[in-house]
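**Q** 3D model of this:
(one chain, ligands or ions: 2)
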Amino acid sequence: MANWYTNVVIYSLHLEAFRDGNGDGIGDLKGLRDSLDYLASLGITCLWLQPFYPSPQRDNGYDVTDYLAIDPRYGDLGDFVTLLEHAEQRNIRVLLDLPLNHTSIDHPWFQEARRDPSSRYRDFYYWSREEPKNLRDNPIFGEEQESNWTYDEEAGAWYYHTFYKHQPDLNYTNPAVLEEMEKVMGFWLRLGVAGFRLDAVPHMVRAKGSKRFDGDPHDVLRAIRRFVEEHRRDAVLLGEVDTEPDEYQNYFGQEDQLNVLLNFYLCNYLFLAFATRRSSALQHVLETLPVTLPYDQYGNFLRNHDELDLERLSEEDRQKVYEAYAPDEEMRAFGRGIRRRLAPMFEGDRRQIQMAHSLLFTMPGTPVVRYGDEIGMGDDLSLHGRDSVRTVMQWTDHDNAGFSTAPRERWARTLIDSGPFRNDKINVADQRRDPESLLHWFARAIHVRHELPEFGEGEPEVIETGCADVFAHLCRSGDSSALAVHNLSPETRRFRLDLGHEELDVALEMFADARYDRLDQNDGALELGPYGFRWFKLEHLLEG
Ligand code: NOJ
Ligand code: CA
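**A** Numbers count the residues shown, from 1 in each chain. Ligands and ions are numbered 1, 2, ... in the order given. Modelled structure (predicted):
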């Protein structure tokens with residue numbers, strides 16, 4: 001199926017932090033392979049692997065020195081192919097994170113470009129012989145990044161970098177750059193990946209310095225889409241496009257650019273809804289998100305490996321989210337976001353964690369889960385910047401968390417072993433044994449979500465409830481619909497849905513936070529406990 005991605009559950013992880021398979025203290029491909037049954041039983045059907053290419057690791061692997069290889073610390077190409085085979089046996093597809101916007105400064109292309117002005121690689125990057133007029137036109141990392149242009153002695157020129165100065169931007173006005181990257185994508189597709197998570201997409205097609213694209217800059221994205229589909233018919237491009245939503249359409253194109261956009265907009269408004277307990281925040285999103293063509297999809301998420309970037313909210317709304325979830329300055333990052341995991345933001349409250357994920361699983365789109373969120377992992381604010389949310393997976397309550405047999409001082413990442421989210425309290429092994437655990441709740445929720453593809457592919461519609469803190473929405477697809485109701489408040493709510501009687505008559509309750517009275521026993525009135533939720537399937541075929 002070419003649109004398989006409309007109904008998968010994506011799980012994102014960095015190998016280094018997930019599981020160490022050979023006892024050297026670094027998570028790797030073998031460790032992930034050994035964890036595939038766990039992921040399969042959780043109901044995960046697609047993996048998003050964060051960059052595993054050779055890299056000096058100054059930006060979590062988003063600073064690549066060779067796109068055609070795997071950092072030997074994680075294993076080799078043979079291990080990767082084995083992983084793909086094992087994943088395929090479990091019906092799990094694999095997407096690779098591909099940072100195309102920039103390389104590492106250590107990449108041989110940049111090294112040659114700076115050394116030799118006549119090299120073919122010189123024009124792979126953006127240069128300026130004169131000091132550029134605006135050195136900070138688009139700084140992304142606030143105080144950690146002084147400028148967008150850095151002078152290079154060896155080159156005798158300034159080079160442009162959207163992100164850190166060790167990440168020179170690639171120049172996509174030069175067709176040779178895309179040719180190289182097509183080779184890269186062809187290579188990984190041939191090995192068997194299902195597509196790519198493209199990093200920092202808007203920056204690839206933005207004018208920088210004096211360079212201009214010949215035609216439409218988005219032709220770069222069209223060429224990539226064409227290329228990947230020619231090499232694998234059902235390949236998918238999942239794009240990081242953190243822009244205003246009225247620009248989303250430009251990145252879907254006419255089903256000829258990205259297939260899936262990570263939904264930063266919904267993410268921001270979900271947290272606003274949690275903080276204010278107002279369903280109007282979610283109604284606003286569903287009413288303003290651009291309507292998509294059938295093969296376009298949103299990739300919904302609550303948290304990712306970066307800060308929770310709140311740039312899509314007004315200053316006033318952002319402050320409300322900060323007050324609720326990041327009252328201390330040390331919880332914030334880059335003047336725009338929150339460097340915490342989800343569970344600590346809700347102080348470990350199961351009801352809120354579940355309600356938040358219930359919304360994630362039912363909002364129109366494809367849910368993207370972050371490793372560790374299924375057990376409610378915490379963050380370590382003593383670590384620098386975004387490292388706070390990148391600690392190792394907590395498999396067991398042992399001193400090594402079941403992550404690695406190597407002595408802790410050799411580990412590439414740290415473990416949360418103190419505080420309420422420490423591994424002897426929060427871990428997979430304990431939650432496996434407990435049928436009431438968050439992990440079991442997650443598995444159930446995901447399995448039911450697989451029975452409700454309407455949430456992934458249907459046309460969304462907000463349903464009036466008459467309660468400001470209850471959100472109800474319906475996704476219609478062909479002969480059936482899926483309906484979800486969520487209580488954003490800590491109080492019990494009773495309400496009626498502004499839906500025709502006939503529709504409710506055919507509603508089958510599929511999942512809920514508690515056992516509620518059947519709809520037909522209450523004359524159509526619904527009840528939701530504190531932070532409660534209920535999912536229904538409406539099969540119109542049953543009507544006759
Ligand atoms: C976006 C990635 O999500 C982030 O982690 C990284 O720092 C920047 N791109 C720069 O590569
Ligand atoms: Ca290892």
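**Q** Show me where the stretch 401-544 of the chain has its strands.
**A** In the stretch 401-544 of the chain, the strands defined using DSSP state E, counting those that start in this stretch lie at 459-463, 470-477, 480-487, 493-496, 507-512, 525-528, 533-539.
**Q** show me the contacts for G458.
**A** Residues in contact with G458 (Cβ atoms under 8 Å, 6 or more residues apart in numbering) are P364, L474, C475, R476, S477, S481, A482. No exception for glycine: its C-beta is placed from N, CA and C like everyone else's.
**Q** I'd like those as CSV, with distance to D296 and pLDDT appended.
**A** Shown next, in CSV, are those (distance: Cβ to Cβ, whole Å; pLDDT from 0 to 100):
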residue, distance to D296, pLDDT
P364, 11, 97
L474, 20, 97
C475, 15, 97
R476, 17, 95
S477, 15, 94
S481, 20, 95
A482, 19, 97
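**Q** In a markdown table, list the residues you listed along with neighbour count and distance to E509.
**A** Listed next are those as a markdown table, based on neighbours: other Cβ atoms under 10 Å; distance: Cβ to Cβ, whole Å:
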| residue | neighbour count | distance to E509 |
| --- | --- | --- |
| P364 | 25 | 20 |
| L474 | 22 | 15 |
| C475 | 24 | 16 |
| R476 | 17 | 18 |
| S477 | 16 | 19 |
| S481 | 24 | 14 |
| A482 | 27 | 12 |
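**Q** Quick check, the residue in this structure closest to ligand 1?
**A** Going by Cβ to the nearest ligand atom, ligand 1 is nearest to Y62 of the chain, at 3.3 Å.
**Q** Next one: the closest residue to that residue other than its chain neighbours from ligand 2, what distance?
**A** Of all residues not flanking Y62 in the chain, P99 sits nearest, at 4.7 Å (Cβ to Cβ, 6 or more residues apart in numbering). Separation of P99 from ligand 2 (Cβ to the ion, to the nearest Å) stands at 23 Å.
**Q** Same check on E347?
**A** Applying Cβ to the ion to E347 and ligand 2 gives a distance of 34 Å.
**Q** Tell me the pLDDT of that residue.
**A** At E347, the model reports a pLDDT of 98.
**Q** now swap in D296 and tell me
**A** For D296, pLDDT reads 96.
**Q** residues from the protein in reach of ligand 2?
**A** Contact residues (Cβ under 5 Å from the ion) of the chain with ligand 2: D20, N22, D24, I26, D28.
**Q** let's see 8 Å
**A** 20-28, 30-31, 73-75, 404, 406 (Cβ under 8 Å from the ion).
**Q** So which of these belong to helices?
**A** K30, G31 (DSSP state H).
**Q** circling back to that earlier point, deepest-packed of the strands of the stretch 401-544 of the chain, please.
**A** Ranked by mean neighbour count, those are led by strand 480-487 with a mean of 25 (mean count of other Cβ atoms under 10 Å).
**Q** Just give me the closest of the contacts of G458 to ligand 2.
**A** Ligand 2 lies nearest to P364 out of the contacts of G458, by Cβ to the ion, at 39.0 Å.
**Q** Now the closest one. Nearest residue, chain neighbours left out?
**A** Closest to P364 by Cβ to Cβ, 6+ apart is P460, at 4.2 Å.
**Q** can you pull the buried residues of stretch 110-120?
**A** If you call a residue buried by 16 or more other Cβ atoms under 10 Å, then stretch 110-120 has these buried ones: F110, Q111, A113, R114.
**Q** can those go into JSON lines with extra columns for pLDDT and distance to R515?
**A** Below are the buried residues of stretch 110-120 laid out as JSON lines (pLDDT from 0 to 100; distance: Cβ to Cβ, whole Å):
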{"residue": "F110", "pLDDT": "98", "distance to R515": "61"}
{"residue": "Q111", "pLDDT": "98", "distance to R515": "64"}
{"residue": "A113", "pLDDT": "98", "distance to R515": "65"}
{"residue": "R114", "pLDDT": "98", "distance to R515": "66"}
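**Q** Just send these back as a markdown table, with secondary structure too.
**A** Formatted as a markdown table, these follow (DSSP: H, G, I helix; E, B strand; the rest coil):
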| residue | secondary structure |
| --- | --- |
| F110 | helix |
| Q111 | helix |
| A113 | helix |
| R114 | helix |
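**Q** Taking the residues you listed together, which two end up most distant?
**A** By the measure Cβ to Cβ, Q111 and A113 form the most distant pair in those, at 7.3 Å.
**Q** now this protein, which segments are flagged as low pLDDT?
**A** 541-544 (pLDDT under 70).
**Q** same thing but at 50, please
**A** Counting by pLDDT under 50, the ranges of the chain that qualify are 543-544.
**Q** ok, back up a step: what's the local residue count around the residue of the chain closest to ligand 1?
**A** Other residues within reach of Y62, judged by other Cβ atoms under 10 Å, total 23.
**Q** which SSE is it in?
**A** In this structure, Y62 sits in neither a helix nor a strand according to DSSP states H and E.
**Q** ok, now which ones touch it?
**A** Counting by Cβ under 8 Å, 6+ apart, Y62 makes contact with P51, S55, D97, P99, F163, Q167, D199.
**Q** In JSON lines, list these along with secondary structure and neighbour count.
**A** Formatted as JSON lines, these follow (DSSP: H, G, I helix; E, B strand; the rest coil; neighbours: other Cβ atoms under 10 Å):
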{"residue": "P51", "secondary structure": "coil", "neighbour count": "23"}
{"residue": "S55", "secondary structure": "coil", "neighbour count": "22"}
{"residue": "D97", "secondary structure": "strand", "neighbour count": "23"}
{"residue": "P99", "secondary structure": "coil", "neighbour count": "25"}
{"residue": "F163", "secondary structure": "coil", "neighbour count": "24"}
{"residue": "Q167", "secondary structure": "coil", "neighbour count": "25"}
{"residue": "D199", "secondary structure": "coil", "neighbour count": "20"}
